[in-house]
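>>> Got a predicted structure plus its sequence, pasted below:
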Amino acid sequence: MPAKRALVLTAEILLLVAVFLLIIGPMMSLFIWSVAHRWYWPSTLPQEVGFEYWKQALGMRTSLAIGSISIIPAFLLSLTIAVVVVIISMLIAIPAGYALAKYRIPFGTIIMFLFLMPNAFPQQPIFVNLLRVFTRWGLAGTVQGVILVHILVGLVFGVWITSATFRSIPNYLEEAARSVGASRLYTFFHITLPLAAPGLLASSVFVFITSLDEFTGTFFIGLPFVSTLPMTLYSSSGYNMQFASVIAIILLIPSILFMTLIQRVLRAEYVGGMG
Amino acid sequence: MPADSTARRELSLPPYLLLILPAVTFMVLMYAYPFVSSILRSFINPQGEFSFENYTKTIDLYLKDIGFTFAVTIVSTAVAAVLAILLAVYLRLRQNRISRALAALYKVPIFIPFVVVAQMMNSFLAPHGILNLALAKLNVINLENPLQLFNFYGLTFGFVWKMIPFSTLIIHGGFQMIDNSYIEAARSCGAGLGRVITRVLIPMNRSSILVALVLVYSQIVGTFTLPYMLIGGKIPTTITVDIAHRINYFRDFGVANTLGVFSYLLVLITAIYYLRSSVKKMTGYQASEV
């Protein structure tokens, strides 16, 4: 039945085009806004395009126009916070992930619950109550406070991904090393760690991106003094579409890069609860 | 194991305690404590006494928003699940160039954060946004009277857009575990496409479909960014936006926490399912290794 086959093929092509348009449409919208110098309704496309807003946002040109912002300070702040968050989170997450993977821990179920709850329940009430506590401790509105909240968000993923990584390394490799006299520490650093390195790296990158993109916690703990990239996006959204679009594209790039890099090993525990 | 090492182990702390202590301490202070206090504080009125004042106030002011949150979540989850299942079925049953292109394409939005999705939808769904302009070009709508999407529909669109890739990933993963022989057996007994999907693929993949549903559902209930940037303070809005207003404008932790408790209640069933199945899976791993 060649007619039927042609019909199926047409349907498939239409499906592909529809999915393409639905995925690319909103992204195109960002891109067009970021290069729109002049765009008056009801023109379908901007009347005048260029990279003026990109240059201003990236600090290559200063403008005295109202609403003009350089995103460089926010970018550097976000980057610094993300690096600190990755280092501290992974220092805490790697031992915990290892213990969860390799030992039978008393009250293990309760400990697992502790690390699963943030995925199961909305996190916003947590941030609200941390705001109350942090206000008392003088951490509200500070970079330190925001780092603590980002660690909270990143640590959960960090622990689960590292623990899954360690679990995938067969015990007999460690046992073999131990049986020929290697100490526990030597075995860990010379056998387990090198084997786990790719998973740990993926986990670090994931925590890094989580911190870079984190919005809700920063909104409650950081406002109005800590302006990370997502906060700057939020404050320019609505009245300054061009700058908001530029920032959105800058935040879009690492998330798509990360997706393409870990395509092959993409698992559910990497994904839940982003943003 | 030599006797002396057992003796030593009894004297010193077990090694895992030291490994896990920092993470557990952090989570107790930064998660468990605020979680418990979010529930306790919902019962404390502004004068600092135990009362249900916050609850009567919340129900008075926000019952509609609680219903709105539930409706958006249910509809978004259902639409995302149906579309994801269809897409995953297609990807499972069809191996050609088009399906491979689609398999690469659908994953693109997976890690795009909600703040970026929100900004995208803000400009894409706006009355004068790309969607309305394109639809006007195709003569589907009149630009004088564009689709108003900063409401239930736009929010649902945004959630579905963000959640389909994630659910497709999980569900497609499950479909790939089903051996071809089952599908061929059904086909040779005369089952058509519909029967293969409803009698073989979906029943055999129930657990991963359920996991996708549960994760999508509970994630949508707790999402603040998208409704905040798309709908903001308009009525009706979501619980998460109400919590932010309660804190930012009134510093009213009592009602904010009560709203939080309502959001916990909305996810209670899915949370219990998620926690139970995850713990079961994890203890299963451990048992198989010992």
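Received, thanks.

>>> The residue nearest to B:M121 when sequence neighbours are not counted is in what secondary structure piece?
Spatial nearest neighbour of B:M121, excluding adjacent residues (CB to CB, 6 or more residues apart in numbering or on different chains): B:G158 at 4.4 Å. Glycine gets a C-beta too; all of them are placed from N, C-alpha and C. Using DSSP states H and E, B:G158 sits within helix B:152-176.

>>> Report all helices and strands that that helix contacts.
With contacts taken as 3 or more CB pairs under 8 Å, 6 or more residues apart in numbering or on different chains; DSSP states H and E, helix B:152-176 sits against helix A:268-271, helix B:53-93, helix B:114-124, helix B:206-221, helix B:225-230.

>>> and B:I141, which of those helices is closest to it?
Evaluated with CB to CB, the helices and strands packed on helix B:152-176 place helix B:114-124 nearest to B:I141, the distance being 14.9 Å.

>>> Show me what counts as buried in the next helix-or-strand element following the closest one.
Moving toward the C-terminus from helix B:114-124, the next helix or strand (DSSP H and E) is helix B:130-137. Neighbour-count burial for helix B:130-137 flags B:130-133, B:136 (criterion: 16 or more other CB atoms under 10 Å in any protein chain shown).

>>> could I get stretch B:250-265 in CSV with only the CA atoms?
Provided in CSV are the C-alpha atoms of stretch B:250-265 (Å, rounded to 0.1, in the frame of the first residue of the first chain):
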residue,chain,number,x,y,z
PHE,B,250,3.1,41.6,54.9
ARG,B,251,5.9,39.6,56.5
ASP,B,252,3.1,37.3,57.5
PHE,B,253,4.9,34.0,58.1
GLY,B,254,1.8,32.4,59.7
VAL,B,255,-0.4,32.5,56.6
ALA,B,256,2.6,31.9,54.3
ASN,B,257,3.3,28.7,56.3
THR,B,258,-0.3,27.7,56.2
LEU,B,259,-0.3,28.1,52.4
GLY,B,260,2.9,25.9,52.5
VAL,B,261,1.0,23.2,54.5
PHE,B,262,-1.7,23.3,51.8
SER,B,263,0.9,22.8,49.1
TYR,B,264,2.3,19.8,51.2
LEU,B,265,-1.3,18.4,51.3
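
>>> Please spell out which residues along that stretch are buried.
B:252-264.

>>> What's the mean pLDDT across the strand or helix carrying A:A197?
Using DSSP H and E, A:A197 sits within helix A:193-213. Here helix A:193-213 scores 90 as its mean pLDDT.

>>> Briefly note if that helix comes near chain B.
Yes - Helix A:193-213 is in contact with chain B by CB under 8 Å from any CB of the partner chain, via A:209, A:213.

>>> Check the offset of the next helix or strand after that helix from the chain's centre.
With elements assigned by DSSP H and E, the helix or strand that comes after helix A:193-213 is helix A:216-222. Taking the mean of its C-alpha atoms, helix A:216-222 sits 15 Å from the chain's own mean (CA atoms, centre = their mean, to the nearest Å).

>>> can I get the CA coordinates of the helix or strand following helix A:216-222 in CSV?
On the C-terminal side of helix A:216-222, the closest following helix or strand by DSSP H and E is helix A:229-236. Taking Å, rounded to 0.1, in the frame of the first residue of the first chain, the C-alpha atoms of helix A:229-236 are listed here in CSV:
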residue,chain,number,x,y,z
LEU,A,229,21.9,36.5,36.9
PRO,A,230,18.4,35.0,37.4
MET,A,231,17.5,37.8,39.8
THR,A,232,18.7,40.4,37.2
LEU,A,233,16.7,38.6,34.6
TYR,A,234,13.6,38.8,36.8
SER,A,235,14.1,42.5,37.6
SER,A,236,14.4,43.5,34.0
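
>>> elements contacting helix A:229-236?
Checking 3+ CB pairs under 8 Å, 6+ apart, helix A:229-236 ends up next to helix A:72-102, helix A:216-222, helix A:241-262, helix B:114-124.

>>> Who are the packing partners of the longest one?
To tie it back to what came earlier, the one meant is helix A:72-102. Checking 3+ CB pairs under 8 Å, 6+ apart, helix A:72-102 ends up next to helix A:108-120, helix A:143-167, helix A:193-213, helix A:229-236, helix B:15-27.

>>> Quick check: the gap between A:S78 and chain B.
12 Å (CB to the nearest CB, to the nearest Å).

>>> how about that residue, what does it touch?
Residues in contact with A:S78 (CB atoms under 8 Å, 6 or more residues apart in numbering or on different chains) are A:211-212, A:228-230.

>>> The same query, at a cut-off of 6 Å, please.
The contact partners of A:S78, by CB atoms under 6 Å, 6 or more residues apart in numbering or on different chains, come to A:212, A:228-229.

>>> swap in A:M231?
Counting by CB under 6 Å, 6+ apart, A:M231 has contacts A:T218.

>>> if we can go back for a sec, okay, the buried residues of stretch B:250-265 in CSV with distance to B:L87 next?
Formatted as CSV, the buried residues of stretch B:250-265 follow (distance: CB to CB, whole Å):
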residue, distance to B:L87
B:D252, 43
B:F253, 43
B:G254, 44
B:V255, 41
B:A256, 38
B:N257, 39
B:T258, 39
B:L259, 35
B:G260, 34
B:V261, 36
B:F262, 33
B:S263, 29
B:Y264, 32
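
>>> Relative to chain A, which of those is nearest.
B:G260 (3.0 Å; CB to the nearest CB).

>>> Now that closest one. Nearest residue, chain neighbours left out?
Here the residue nearest B:G260, using CB to CB, 6+ apart, is A:P125, at 3.0 Å.

>>> B:T240 now?
Leaving aside its chain neighbours, B:T240 sits nearest to B:F224 (3.9 Å; criterion: CB to CB, 6+ apart).

>>> And for the one you found, the neighbour number?
Residues lying near B:F224 (other CB atoms under 10 Å in any protein chain shown) number 26.

>>> try A:I72
12.

>>> Could you tell me how far it is located from A:I81?
Going from A:I72 to A:I81 by CB to CB, to the nearest Å gives 15 Å.

>>> just A:L45 next, same as before
From A:L45 to A:I81 the distance is 37 Å (CB to CB).

>>> Go ahead and confirm B:L259 touches B:D242.
Yes - B:L259 lies in contact with B:D242 (CB atoms under 6 Å); the separation is 5.5 Å.

>>> Relative to A:I32, which of the helices and strands packed on helix A:72-102 is closest?
Taking CB to CB, helix A:229-236 is the member of the helices and strands packed on helix A:72-102 nearest to A:I32, at 16.8 Å.

>>> which residues of the stretch 151-275 of chain A score low on pLDDT?
The model of the stretch 151-275 of chain A has pLDDT under 70 over residues A:264-275.

>>> Chain B now?
Using pLDDT under 70, the flagged stretches of chain B are B:1-12, B:284-290.

>>> same thing but at 80, please
Chain B contains residues with pLDDT under 80 at B:1-15, B:281-290.

>>> Tell me which helix or strand A:R178 sits in.
Using DSSP H and E, A:R178 falls in helix A:171-179.

>>> does any bit of the following helix or strand past that helix sit next to chain B?
For helix A:171-179, the succeeding helix or strand toward the C-terminus, using DSSP H and E, is helix A:184-187. No - Helix A:184-187 stays clear of chain B (CB under 6 Å from any CB of the partner chain), getting no nearer than 7.2 Å.
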